[in-house]
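Engineer: got a predicted structure here, sequence first:
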Amino acid sequence: MGEQLTGRSCADFTALLASKAPVPGGGGAAALVGALGAALCSMAGNFTLGRKKYAAVEPDIQALLEEGEQVRVRLLTLVDADAEAFEPLSRAYSIPKDDPTRETVLEQAAQRACAAPVEMLEQCARAVELLEQMLEKGSVMLASDVGCGAVCCRAAMECAAMNVYVNTRTLKNRVVAEALERKADGLLKEYGARAEAVAGQVTAQLRGR
């Protein structure tokens, strides 16, 4: 695929996203937004470390930072993983319809294309759990950043789920398709609601409600 998408500047990445290039697309954007959500959680943690007021929870904050970094980095790798899975899928769609191998190749490529967005959902779910804990234990001065991180994670999960559904709808193997959809539905329902709750709590705090 050449240069990694995540090695580009913000300006270049968004310009490429806006262009007619096949990647990055919605999946790559989802992974990037999820990584931003995880990064905001870590930002809150890094501003909490070293403050006397939060000395009692410093070990907890350090643990959150370590896991948050794993999530952030993994979500960034999924930007490129999603793009790499799209290329064989695109080639499969270009196989002539009278080619007897087309259906099998397309089925396999569509299943593989679901892997990255499903993992995006899983990683964003981990980030939501971290954000919940950061809101509870981190500096109150960074609450708005935690809330913004939760909003990013929820949006990323919505986008990732769409990128699962766009591929499962083409699968002939409905057992596999429905299993993937159930997993996406379950993660989105539980963790989307939890992310929304974090954002709502932050907004209420900021507005004195």
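Structural biologist: Received, thanks.
Engineer: my guess is residue 202 contacts residue 150. True?
Structural biologist: Yes. Residue 202 is in contact with residue 150 according to Cβ atoms under 8 Å; the separation is 7.4 Å. The way it works is simple: take the backbone N, C-alpha and C, and place the C-beta from them, glycine included.
Engineer: more neighbours: which of those two?
Structural biologist: residue 150 (29 against 21; other Cβ atoms under 10 Å).
Engineer: let me know the outermost residue of this structure.
Structural biologist: For the chain, the residue at maximal distance from the C-alpha centroid (Cα atoms, centre = their mean) is residue 98, at 37.4 Å.
Engineer: how about that one, secondary structure?
Structural biologist: Put simply, residue 98 is coil when judged by DSSP: H, G, I helix; E, B strand; the rest coil.
Engineer: show me what contacts it?
Structural biologist: Residues near residue 98 by Cβ atoms under 8 Å, 6 or more residues apart in numbering: none.
Engineer: and the helix or strand containing residue 116, how far from the chain's centre?
Structural biologist: Using DSSP states H and E, residue 116 maps to helix 102-137. On the basis of Cα atoms, centre = their mean, to the nearest Å, helix 102-137 sits 6 Å off its chain's mean C-alpha point.
Engineer: and the next helix or strand past that helix?
Structural biologist: Of the helices and strands lying after helix 102-137 in sequence (DSSP H and E), the nearest is helix 143-168.
Engineer: what's the neighbour count on residue 120?
Structural biologist: Residue 120: 33 neighbours (other Cβ under 10 Å).
Engineer: who's in contact with the closest residue to it other than its chain neighbours?
Structural biologist: Once flanking residues are discounted, residue 120 sits nearest to residue 160: 3.9 Å by Cβ to Cβ, 6 or more residues apart in numbering. Counting by Cβ under 8 Å, 6+ apart, residue 160 touches 27, 30-31, 34, 117-118, 120-121, 124, 184.
Engineer: could you check the pLDDT of residue 160?
Structural biologist: Note for residue 160: predicted pLDDT of 98.
Engineer: and the gap between it and residue 132?
Structural biologist: 19 Å (Cβ to Cβ, to the nearest Å).
Engineer: thinking again about what came up before, now the helix holding residue 116 and helix 143-168, what's the angle there?
Structural biologist: Between helix 102-137 and helix 143-168, the angle comes out at 170 degrees (axes from the mean of the first three to the mean of the last three Cα atoms, to 10 degrees).
Engineer: and the angle from the helix or strand that contains residue 78 to helix 143-168?
Structural biologist: Assigned by DSSP H and E, residue 78 belongs to helix 58-93. For helix 58-93 against helix 143-168, the angle by the same axes, to 10 degrees is 30 degrees.
Engineer: renumber starting at 602 from here on
Structural biologist: Sure, I'll start numbering at 602, so the last one becomes helix 659-694.
Engineer: what mean pLDDT would you report for helix 659-694?
Structural biologist: Rounded mean pLDDT across helix 659-694 is 95.
Engineer: give the buried residues for it.
Structural biologist: Along helix 659-694, these residues count as buried under the neighbour rule (16 or more other Cβ atoms under 10 Å): 659, 661-662, 665-666, 668-669, 672-673, 675-684, 686-687, 689-690, 693.
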